[in-house]
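J.: Model the structure of this input:
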Amino acid sequence: MKRKQPPTTSEEIIRRRDELFESLSKESDRGVVLVSASFIEEALESLLRARFSMRHPKSKASLKKLFDDFRPLYSFSAKLEICYAMDLIGEWMYQDLGIVKNLRNRFAHSVEYARFDLPEVVQSTEKLKAADIAVTTITKEKSSAKNTKKIKIIKKSRSKHTKAL
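T.: A predicted model of the protein is given here:
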C-alpha cells in the first residue's frame with residue numbers, strides 16, 4: 001500500500017487531524033494504537049521534511065529518496081531517532097513517542113487480542129508524560145493569567161489611591 005504524502009500546509013494538517021479523530025472514534029483498541037502511531041509517524045516525517053528544506057529548499061524527489069520503502073528514514077524508529085538527534089523534539093517527547101512506537105509494535109505484531117486494559121499496556125501508558133505536562137502547562141498558564149489579572153487590579157487600585165493623594 002502506497003503511503004500518503006504528509007501534509008505541508010496548516011489547512012492540510014487540520015484536515016488530517018479531523019480525519020484522525022473521525023477514524024479513531026470507530027476503531028478498536030488495536031486500531032486506535034495503529035492509526036495514532038501512523039499519524040505520529042506522518043507528523044515526524046513532516047517535521048523532518050520541513051527542517052531539511054529550511055536553508056536550501058530541496059526538491060521533492062531528493063527528499064522522497066530518504067523516506068521511500070527501505071530507505072534511511074522509512075521507519076517510525078528512524079524518524080524518531082533523527083528528530084531527537086536534530087533537537088526537533090525534546091527528551092520527554094522522545095521517550096513518549098518511544099512508548100507509542102513500542103505499543104504500536106506490540107499491537108501490530110501480536111496475534112493475541114490487544115487491549116488497553118492488559119497489565120503490560122497499562123504499565124506502558126502510565127509512563128507517558130505528555131498528559132501530565134499538558135495539565136501542568138495549562139495550570140501554570142491559568143495561574144499566570146489570574147496573577148496578571150490580579151496585578152492589573154492592584155495597579156489600578158494603587159493609581160486611584162495615588163491620584164487621590
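J.: Which stretches in this protein count as helices?
T.: In the chain, helices defined by DSSP state H lie at 10-24, 29-52, 60-67, 76-85, 91-108, 119-126, 130-164, listed in chain order.
J.: Only the buried residues of the fourth one, if you could.
T.: Spelled out, that is helix 76-85. Residues 76, 78, 79, 80, 82, 83, 84 are the ones in helix 76-85 that count as buried (16 or more other Cβ atoms under 10 Å). The C-beta positions use only the backbone N, C-alpha and C, and glycine is treated the same way.
J.: and the residue nearest the centre of the chain, what does it touch?
T.: The structure's the chain has its C-alpha centroid closest to residue 40; by Cα atoms, centre = their mean the separation is 6.2 Å. The neighbourhood of residue 40, defined by Cβ atoms under 8 Å, 6 or more residues apart in numbering, consists of 76, 97, 100.
J.: For residue 34, see how far away it is.
T.: According to Cβ to Cβ, to the nearest Å, residue 40 stands 11 Å off from residue 34.
J.: I'd say residue 133 and residue 90 touch.
T.: No: in this structure, residue 133 sits apart from residue 90 without contact. The criterion is Cβ atoms under 8 Å, and the distance is 9.7 Å.
J.: Between the two, which has more neighbouring residues?
T.: residue 133 (14 against 11; other Cβ atoms under 10 Å).
J.: where does that one land on pLDDT?
T.: We note a pLDDT of 80 for residue 133 in this prediction.
J.: Ok, residue 156 next?
T.: 60.
J.: again, but for residue 59
T.: The model reports residue 59 with a pLDDT of 73.
J.: Give me the distance between the residue nearest to residue 89 when sequence neighbours are not counted and residue 25.
T.: When the adjacent residues along the chain are set aside, residue 89 lies closest to residue 83, with 4.9 Å between them (Cβ to Cβ, 6 or more residues apart in numbering). According to Cβ to Cβ, residue 83 stands 28 Å off from residue 25.
J.: quick one: contacts for the residue nearest to residue 89?
T.: 44, 47, 48, 89, 94.
J.: Most widely separated two among those?
T.: Longest distance between any two of the contacts of residue 83 is 14.0 Å, between 48 and 94; criterion Cβ to Cβ.
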